[in-house]
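Asks: got a predicted model here, sequence first, then my questions.
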Amino acid sequence: MSDARDERRIPLPVLGGVSRRTALKGAGAALGLAAFGAAISPLAHFAEKTSLDEFLQKHYKELDEEDKRAIFARLQAETKERYGADVSIRDPQPIPGVRFGYAINLSLCNGNGRCVEACHRENNHDRDANQSYIRVFEMPKGTTDLAHGNASYEHDVPQEGKYYLPVQCFQCENPPCVDVCPVEATWQEEDGIVVVDYNWCIGCRYCQAACPYHARRFNWKEPEIPAEEINPDQGYLSNRIRPAGVVEKCHFCLHRTREGRMPACLEACPTGARLFGNLLDPDSDIRWVLANKRCFVLKEELGARPTLFYFFD
């Protein structure tokens, strides 16, 4: 999508036909960790484990359909070889006239964590790390300051005097994470979803530092997932198995939502607290909620303009 942000970007420098990303990877491999510093040490690890085809792969926006078919076939073969699982990788595109938004009814959320578990399994996260793109904070009533919340509770829920605040990527209209990426590995699509080209990410973690909601995760190692637990229904920009050394994030389950289904976290919610839909459709349920409920967003003063909203009955 072209917008004012695109016009402000400085084109990536090209050195003798070699992209900045390739140059950085090559420098990381040549100079070693001591010279290149701990902040970008994932580059050396990446260079050691990357095939030539992957190393020379173009940015997602430069790929044509033939390129994509070859890449998807390679990734599917690699998944079969490494994990023993057959998967299907595709690339659903944004739907014209659709801009996705999410709303969560905090009066109904009871902190059961089913959304967290569903996200973990849907998105092929490393089983040992037990990662998820969603955190649910147990909050004292009267505040939305996450510093007062607890996202690692293990007791029975709900607790007296508490409410539960799920946090994930807010798919901001003005995403600060996009502006800081030095290689344009992350961007916002026409339906509002902020995505990552995991094969273009250099693992610098600038986007992770820039996100005011701490919604991005760094992938420290090759994911370990039993073959029988791998979700074979995968999108290239969403839940395919990500390599080590890249930053990843929630993508509103675009491999599902761009094909008319709901996010996995919404389907798993047993209390009906989650609502997802098209913000551009005046007849959608989410538009009704925005018009008829007292909705709010977190950290509104920062100007990121999140499209994940909260409300109480």
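Replies: Structure received. Since we're looking at a predicted model, the values are computed, not measured.

Asks: all helices for this protein, in order.
Replies: Ranges of helices in the chain, per DSSP state H, are 4-8, 20-36, 42-49, 52-55, 65-83, 114-122, 176-180, 206-210, 254-257, 264-268, 285-292.

Asks: among the ones you listed, where is the model least confident on average?
Replies: Out of those, helix 4-8 stands lowest, with a mean of 40 (criterion: mean pLDDT).

Asks: quick one: buried residues of stretch 282-296?
Replies: Of all the residues in stretch 282-296, those buried under the rule 16 or more other C-beta atoms under 10 Å are 284, 286-287, 289. For every residue, glycine as well, the C-beta is placed using N, CA and C.

Asks: which of the residues you listed sits closest to residue 148?
Replies: Proximity of those to residue 148 was ranked by C-beta to C-beta; the top entry is residue 289 with 26.0 Å.

Asks: mind listing what the spatially closest residue to the closest one that is not a sequence neighbour touches?
Replies: Distances taken as C-beta to C-beta, 6 or more residues apart in numbering put residue 103 closest to residue 289, at 5.0 Å, once the chain neighbours are dropped. Residue 103 is in contact with 274-276, 286, 289-290, 293, 295, 308-311, counting by C-beta atoms under 8 Å, 6 or more residues apart in numbering.

Asks: which ones among the residues you listed map onto strands?
Replies: The strands in this structure, assigned by DSSP state E, contain 274-276, 308-311 from those.

Asks: quick one: the residue most central in space within the chain and residue 197, what's the gap?
Replies: The residue at the geometric middle of the chain, judged as the C-alpha nearest the mean C-alpha position with C-alpha atoms, centre = their mean, is residue 249 (2.0 Å). Using C-beta to C-beta, to the nearest Å, we find residue 249 at a distance of 12 Å from residue 197.

Asks: what of residue 183?
Replies: Counting by C-beta to C-beta, the gap between residue 183 and residue 197 amounts to 9 Å.

Asks: quick one, which of the two is more surrounded?
Replies: With other C-beta atoms under 10 Å as the criterion, residue 183 and residue 197 differ in neighbour count, and residue 197 comes out ahead with 22 against 17.

Asks: and the residue lying closest to the more buried one once chain neighbours are set aside, how many residues sit next to it?
Replies: The shortest distance from residue 197 to any residue other than its chain neighbours is 4.2 Å, reached at residue 60 (C-beta to C-beta, 6+ apart). Residues within reach of residue 60, counting by other C-beta under 10 Å, total 21.

Asks: show the pLDDT at residue 60.
Replies: Model confidence at residue 60, given as pLDDT, is 97.

Asks: that one and residue 189, how far apart?
Replies: For residue 60, the distance to residue 189 under the criterion C-beta to C-beta works out to 11 Å.

Asks: how about residue 90?
Replies: Relative to residue 189, residue 90 is positioned 15 Å away (criterion: C-beta to C-beta).

Asks: what is the burial count for the closest residue in space to residue 192 that isn't next to it in sequence?
Replies: Spatially, and ignoring its direct neighbours in sequence, residue 192 is nearest to residue 99 (4.5 Å; C-beta to C-beta, 6+ apart). Here the neighbour count serves as a burial measure; for residue 99 (other C-beta under 10 Å) it reads 19.

Asks: and the residue nearest to residue 197, what does it touch?
Replies: For residue 60, the contact set (C-beta under 8 Å, 6+ apart) comprises 197, 199-200, 236-237.

Asks: could you do residue 163 as well?
Replies: With contact set as C-beta under 8 Å, 6+ apart, residue 163 has these partners: 106, 109, 139, 141.

Asks: who's it bridged to?
Replies: When bridges are taken as DSSP bridges, the partners of residue 163 come out as residue 139.

Asks: higher neighbour count, residue 90 and residue 189?
Replies: residue 189 (18 against 14).

Asks: show the pLDDT at the more buried one.
Replies: Per-residue confidence for residue 189 comes out at a pLDDT of 98.

Asks: spatially nearest residue to it, not counting backbone neighbours?
Replies: Take residue 189 and drop its neighbours on the chain: the residue closest to it by C-beta to C-beta, 6+ apart is residue 94, 5.2 Å away.

Asks: ok, the one you found to residue 191 distance?
Replies: Taking C-beta to C-beta as the criterion, residue 94 is separated from residue 191 by 4 Å.

Asks: again with residue 308
Replies: Counting by C-beta to C-beta - residue 308 and residue 191 are separated by 14 Å.

Asks: same question, residue 282
Replies: For residue 282, the distance to residue 191 (C-beta to C-beta) stands at 17 Å.

Asks: got it, and residue 172?
Replies: 14 Å.

Asks: swap in residue 69?
Replies: Residue 69 sits 23 Å away from residue 191, taking C-beta to C-beta as the criterion.
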